[in-house]
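K.L.:
Predicted coordinates and the sequence they were generated for:
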Amino acid sequence: MSEHKVFCVKLQKEAPGLDEPPFDTEFGRKIYDNVSQEAWNGWVEFCKMLLNEYRLNPSRREDQEAIIKQMEQYFFGAGAAPPEQYVPPSR
């Protein structure tokens, strides 16, 4: 089986894509066709920060909608920004 390759909209380079669409929707297919696994991994980490900083609950519909809006911006918009008060952990 050949590896799924995409031209990643986030990283602006050809790279291995996701194994399957992350959602069974048109948006999930758009991500599958345009986002690399590397960029998706970056989103997962960014999303964890959003969930914690905004205290989002992924089981609530309004929080799901907020996450999807952030995801759209992260991959296909001007980019998603962390909350103004966010202080990254020191390493």
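P.N.:
Yep, it's here.

K.L.:
Quick check: which ranges of the protein have low pLDDT?
P.N.:
Low-confidence segments of the chain, defined by pLDDT under 70, span residues 1-2, 81, 86, 91.

K.L.:
Recalculate using a threshold of 90.
P.N.:
Across the chain, residues meeting the criterion (pLDDT under 90) sit at 1-3, 53-54, 77-91.

K.L.:
can you map out the strands along it?
P.N.:
5-8, 13-16 (DSSP state E).

K.L.:
Mean neighbour count and distance to Gly28 added to the ones you listed, as a markdown table?
P.N.:
Where you see a C-beta, it was placed from the backbone N, CA and C, and this is true even at glycine. Putting the strands of the chain into a markdown table (neighbours: other C-beta atoms under 10 Å; distance: least, C-beta to C-beta, whole Å) gives the following:
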| stretch | mean neighbour count | distance to Gly28 |
| --- | --- | --- |
| strand 5-8 | 16 | 14 |
| strand 13-16 | 13 | 18 |
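
K.L.:
Compare those strands and give me the one nearest Asp63.
P.N.:
Asp63 lies closest to strand 5-8 among the strands of the chain, at 26.8 Å (C-beta to C-beta).

K.L.:
For the most centrally placed residue in the chain, give me its contacts.
P.N.:
To find the centre residue of the chain, average its C-alpha atoms and take the closest one (C-alpha atoms, centre = their mean): that gives Trp43, at 3.6 Å. When contacts are counted by C-beta atoms under 8 Å, 6 or more residues apart in numbering, Trp43 touches Val35, Met71, Tyr74, Phe75.

K.L.:
Tabulate those residues (JSON lines), appending distance to Lys5 and neighbour count.
P.N.:
Converted to JSON lines, the contacts of Trp43 look like this (distance: C-beta to C-beta, whole Å; neighbours: other C-beta atoms under 10 Å):
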{"residue": "Val35", "distance to Lys5": "12", "neighbour count": "25"}
{"residue": "Met71", "distance to Lys5": "22", "neighbour count": "21"}
{"residue": "Tyr74", "distance to Lys5": "21", "neighbour count": "20"}
{"residue": "Phe75", "distance to Lys5": "17", "neighbour count": "21"}
